[in-house]
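> fold the following and give me the result.
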Amino acid sequence: MLISNTTIENINLIIQAMFNHNRTLDRFLGYSDVEWAFTHFSSVYHQGYAHLMPLVADKFSDILLRYNIAPKYYETKSDTRTYATMLDFFQTNLEEHEATYELIKKSIKEALDNGDYNVEADLKHLLRMWNKFMAQAILLRDKAQVYGENNKAMFDGFADQFYILQNEYKELTGEDYKD
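Numbers count the residues shown, from 1 in each chain. As a prediction, the model looks like this:
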């Protein structure tokens, strides 16, 4: 076999994580749009963040497909969460990003341990991409702290200035980001 079963399983779990991120972000965007009138924030981050997650999942799927292995699409969790504050969501989002970061790191180590050197190289590239998603999650959490609950309208109004995934958007979609 050209790729170990451990590495295959890890990649399938990463794919699942990306779809869970999409679910988390889509849920929050809908919730915040309705509850806090975050229409501008939603317009920026729906296509520019939430909808990138399945495209990131595709990058991981492509690794398996190169070895003639069909990716598995595990069940994603439902999401009916509500958030008392912006910070509640952005901290949750960051923690979920950190868990995926740890999963990708573990996958790289286990790919190396199992002699899956080409896969390890692909995973390292995607980890570098994920670092930008981590930076976006950190920036949004930090901006929520700075703006605070009493300045939600300003946070919403300036949301496009916090968007930093333009290069990843282009790499994943083949198009320049337009806000």
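> contacts only, for the closest residue in space to residue 112 that isn't next to it in sequence.
Nearest residue to residue 112, sequence neighbours excluded (C-beta to C-beta, 6 or more residues apart in numbering): residue 120, at 4.9 Å. Quick note: C-beta positions are derived from backbone N, CA and C, even for glycine. Neighbouring residues of residue 120 by C-beta atoms under 8 Å, 6 or more residues apart in numbering: 108, 111, 112.
> ok, and for whichever strand or helix holds residue 120, which residues are buried?
For residue 120, the enclosing helix or strand under DSSP states H and E is helix 117-147. Going by neighbour count (16 or more other C-beta atoms under 10 Å), the buried part of helix 117-147 is 119-120, 122-123, 126, 129-130, 133-134, 136-137, 140-141, 143-144, 147.
> could you do stretch 104-120 as well?
104, 107, 108, 110, 111, 112, 114, 116, 119, 120.
> start and end of it, how far apart?
10 Å (C-alpha to C-alpha, to the nearest Å).
> all helices of this protein, in order?
5-36, 39-45, 52-66, 86-113, 117-147, 152-157, 166-173 (DSSP state H).
> picking up where we left off before, of all the buried residues of helix 117-147, which comes closest to residue 59?
residue 126 (5.7 Å; C-beta to C-beta).
> now the closest one. Nearest residue, chain neighbours left out?
residue 59 is the one closest to residue 126 (C-beta to C-beta, 6+ apart), at 5.7 Å.
> would you check how far apart the one you found and residue 65 are?
Between residue 59 and residue 65 the computed distance is 11 Å (C-beta to C-beta, to the nearest Å).
> neighbour count winner among these two?
Neighbour comparison, residue 59 and residue 65: the larger count goes to residue 59, with 18 against 12 (by other C-beta atoms under 10 Å).
> which residues sit in contact with the more buried one?
126, 129, 172.
> show the pLDDT at it.
Listed pLDDT for residue 59 reads 98.
> coming back round to it: mind putting the contacts of residue 120 into JSON lines with distance to residue 80 and pLDDT?
Below are the contacts of residue 120 laid out as JSON lines (distance: C-beta to C-beta, whole Å; pLDDT from 0 to 100):
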{"residue": "108", "distance to residue 80": "33", "pLDDT": "98"}
{"residue": "111", "distance to residue 80": "35", "pLDDT": "97"}
{"residue": "112", "distance to residue 80": "39", "pLDDT": "97"}
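> low-scoring pLDDT stretches of the chain, where are they?
Low-confidence segments of the chain, defined by pLDDT under 70: 179.
> at 50 instead, please
For the chain, no stretch is flagged by pLDDT under 50.
> identify the farthest-apart pair in the buried residues of stretch 104-120.
Longest span within these, C-beta to C-beta: 104 and 114, 15.6 Å.
> residue 59 and residue 33, how far apart?
As judged by C-beta to C-beta, residue 59 and residue 33 stand 28 Å apart.
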